[in-house]
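Student: The sequence and its predicted three-dimensional model are supplied below.
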Amino acid sequence: MTKRVYWRIGDREIEVEGDNAFIDKHLKTYFERLGQEPPRLPKDLPSKIVAVAKSGKVLSPAEYYRQKNPKGGTETLIVLGKYLDEFRNKSDFTRKDINALAHEAKIQEIHAQYYANAVKQGLLRSLGAGKYGLSISGEDAVAAMPSAKKD
């Protein structure tokens, strides 16, 4: 199965598409050129884009939350949902998953009404059995959020 991985450290980035062995080989070369030790990669790489902070670390939930700077509960919900998809490879999530992530980001839990609002606005899909997933509109809304500028 062909997969695609994107890795960024500072102003240097790489995007590799292929099987796991091909991706692993090229990521090792990339990190060698940067003079860094390559991270331990899972045996079965996810076919997701891996975003990395300027420091070379994966963004924490709090860093991602600050970067997106959501306004209100519904925006916070979809930002946390996008974080789970991007960084934890979890496209389907429950309210428990989101609230655990909110706790990790040191923000308030998301009230149940925001899930209903997000579904009604077309930002979330209700998948049944208490599971949700971002819709394309929800992903677009998060992507359109301006990142907070650091001076």
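Tutor: Now that the structure is in, tell me what you want to look at.
Student: wait, isn't residue 127 in contact with residue 133?
Tutor: Yes: assessed by Cβ atoms under 8 Å, residue 127 is found in contact with residue 133 at 5.6 Å. For every residue, glycine as well, the C-beta is placed using N, CA and C.
Student: Check the gap between the nearest residue to residue 81 once chain neighbours are set aside and residue 77 for me.
Tutor: Among residues not flanking residue 81 along the chain, residue 134 sits closest, at 4.9 Å (Cβ to Cβ, 6 or more residues apart in numbering). The gap separating residue 134 from residue 77 is 10 Å, by Cβ to Cβ, to the nearest Å.
Student: any shared contact partners between these two?
Tutor: Common contacts of residue 134 and residue 77, defined by Cβ atoms under 8 Å, 6 or more residues apart in numbering, comprise 123-124.
Student: Name all residues that make contact with residue 74.
Tutor: Contacts of residue 74 by Cβ under 8 Å, 6+ apart are 114, 117-118, 121, 123.
Student: Within the helices and strands, which one has the most centrally placed residue in the chain?
Tutor: In the chain, the centroid-proximal residue (Cα atoms, centre = their mean) is residue 86; its distance is 2.4 Å. Assigned by DSSP states H and E, residue 86 falls within helix 72-88.
Student: Figure out how far stretch 63-77 is from the centre of its chain.
Tutor: With Cα atoms, centre = their mean, to the nearest Å as the basis, stretch 63-77 stands 13 Å off its chain's centre.
Student: Now a ChimeraX select for only the buried ones of the contacts of residue 74.
Tutor: For the buried members of those, the matching ChimeraX selection, counting by 16 or more other Cβ atoms under 10 Å, is:
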select :114,117,118,123
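Student: I'd like the contacts of residue 74 as JSON lines, with pLDDT, distance to residue 17 and secondary structure appended.
Tutor: Output for these, formatted as JSON lines (pLDDT from 0 to 100; distance: Cβ to Cβ, whole Å; DSSP: H, G, I helix; E, B strand; the rest coil):
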{"residue": "114", "pLDDT": "96", "distance to residue 17": "36", "secondary structure": "helix"}
{"residue": "117", "pLDDT": "95", "distance to residue 17": "37", "secondary structure": "helix"}
{"residue": "118", "pLDDT": "95", "distance to residue 17": "32", "secondary structure": "helix"}
{"residue": "121", "pLDDT": "95", "distance to residue 17": "34", "secondary structure": "coil"}
{"residue": "123", "pLDDT": "95", "distance to residue 17": "29", "secondary structure": "coil"}
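Student: That's all I had, so thanks and see you.
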